[in-house]
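what would the 3D arrangement of this be:
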Amino acid sequence: MSKGSNQKLKMLYLLKILSEKTDESHCLSAQELIGELQKYEVSAERKSIYNDIECLTDFGYDIVNKKAKTGGGYYLASREFELPELKLLVDAVQSSRFITQKKSRELIHKIETLAGPYEAKKLQRQVFVASRIKTENESIYYNVDHIHNAIQDNVPISFIYMEWNAKKEFVPRHNGKEYRVSPWALTWKEENYYLIAFDDEEEKIKHFRVDKMNRILELEGQVRKGSEEFRKFDIAEYTNQSFGMFGGETQRVTLQLSDTLSGVLFDRFGKEIDVRKISEDEISARISVCVSPQFFGWLTGLGSRIKITAPADVTRQYQEFLHEILERYDCCSESDKN
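Below is the predicted model of the structure:
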């Protein structure tokens, strides 16, 4: 670009300099702004700097002239995002398990550009999270895009579902079986993205980990199924009932537990559940939940402060679950004696 062309862009370069090099603690005088513009082969005089800043201010940019004997000058006072907001975005990216380390670094670098140069350094000190487990599947971003497009276009998709084996290899499940489903929603649960879809073959609603989906194809010319099922489907209720998003038969279960676990209960099932006081230090709660080993594992983690009181068949299943665990340890004890 010729020097003359740069001159036409003087006001844009001035805005770029103010955005990238100033904040409340770091101002640039008119003479310093002239020097910065010269780096872009743009000439300016003090009067033209004053006029350009006035134009930018009239357009809506919050440019302040800080009066001081030393360190005074112009700075860009307001930005699209405040520093605390950017810190929240950085923390969200860094703590998101489904975002790879590589993509996290790229996104955080882009977030840093929304701050001033000196505030960006403060953000950099926020991004180190020790030993954070992150997905290694870079294709998840394209998976999400494919799924959104299929939902928007009202078409089903096909994909290969993957899993990790003992050799730490990411391999297809069921010998590379091709899954065909009708996608209806994406949901975030326990640090993972899930597709909520209607399984055309089994004619029921199922969910799939997005980072385990491979070779997603939109089946153009076909129409999604499951519209009737999803018309009355509550995604929030579905995800709250599913522990670790593992399936199971949904049942109404009554729990008796210490009132000190009230917060744990509400965090898990929400405050809309039916709860009543049954003694000085115990409560009873009725919940809808997918009865599964994951649900029983959650109960076990809370120890003797909680128990299932109804229905009887779920109580029996939980007893069998605990008995099988104890039997495994009994076998180990016998082996140790021998």
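
mind listing what's buried along the strand or helix carrying residue 17?
Assigned by DSSP states H and E, residue 17 falls within helix 10-21. Across helix 10-21, burial judged by 16 or more other CB atoms under 10 Å covers 10, 11, 13, 14, 15, 17, 18, 19, 21. For the C-beta atoms, the positions are set from N, CA and C on the backbone; glycine is no exception.

can I get those residues in a markdown table with distance to residue 323 and pLDDT?
Supplementary listing: those in a markdown table, determined by distance: CB to CB, whole Å; pLDDT from 0 to 100:
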| residue | distance to residue 323 | pLDDT |
| --- | --- | --- |
| 10 | 80 | 92 |
| 11 | 77 | 93 |
| 13 | 75 | 93 |
| 14 | 76 | 95 |
| 15 | 71 | 93 |
| 17 | 72 | 93 |
| 18 | 71 | 92 |
| 19 | 66 | 88 |
| 21 | 69 | 88 |
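
low-confidence ranges, the stretch 51-200 of the chain, go.
Applying pLDDT under 70 to the stretch 51-200 of the chain flags the ranges 124-138.

what segments of it are helices?
83-95, 101-112, 117-124, 140-153 (DSSP state H, counting those that start in this stretch).

reformat those helices as JSON lines; add mean neighbour count and distance to residue 230.
Below are these laid out as JSON lines (neighbours: other CB atoms under 10 Å; distance: least, CB to CB, whole Å):
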{"stretch": "helix 83-95", "mean neighbour count": "16", "distance to residue 230": "28"}
{"stretch": "helix 101-112", "mean neighbour count": "16", "distance to residue 230": "31"}
{"stretch": "helix 117-124", "mean neighbour count": "15", "distance to residue 230": "40"}
{"stretch": "helix 140-153", "mean neighbour count": "16", "distance to residue 230": "11"}
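
among those helices, which is nearest residue 330?
Nearest to residue 330, of all the helices of the stretch 51-200 of the chain, is helix 83-95, at 40.4 Å by CB to CB.

which secondary structure elements does the closest one contact?
helix 101-112, helix 117-124 (3 or more CB pairs under 8 Å, 6 or more residues apart in numbering; DSSP states H and E).

pull out the CA atoms of it and give them to me as CSV.
Output of helix 83-95 as CSV, limited to C-alpha atoms (Å, rounded to 0.1, in the frame of the first residue of the first chain):
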residue,chain,number,x,y,z
LEU,A,83,-11.5,-6.9,32.4
PRO,A,84,-13.6,-8.9,34.9
GLU,A,85,-15.9,-10.0,32.0
LEU,A,86,-12.8,-11.1,30.0
LYS,A,87,-11.5,-13.1,33.0
LEU,A,88,-14.8,-14.9,33.1
LEU,A,89,-14.5,-15.8,29.4
VAL,A,90,-10.9,-17.0,29.9
ASP,A,91,-11.9,-19.1,32.9
ALA,A,92,-14.8,-20.6,31.0
VAL,A,93,-12.6,-21.6,28.1
GLN,A,94,-9.8,-23.0,30.2
SER,A,95,-12.1,-25.0,32.5
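
circling back: and after the helix holding residue 17, which helix or strand comes next?
Following helix 10-21 in sequence, per DSSP H and E, is helix 30-38.

for that next one, buried residues please.
The neighbour-count check on helix 30-38 (16+ other CB under 10 Å) flags 30, 32, 33, 34, 36, 37 as buried.

before we move on, what about stretch 318-329?
318, 321.

next one: it to chain centre, how far?
Distance of stretch 318-329 from the chain centroid (CA atoms, centre = their mean, to the nearest Å) equals 36 Å.

quick one, what contacts residue 147?
Residue 147 is in contact with 157, 183, 186, 195, 210, 216, counting by CB atoms under 8 Å, 6 or more residues apart in numbering.

returning to that earlier point: tell me what the helix holding residue 17 is packed against?
helix 30-38, helix 46-59, strand 73-76.

much appreciated, bye for now.
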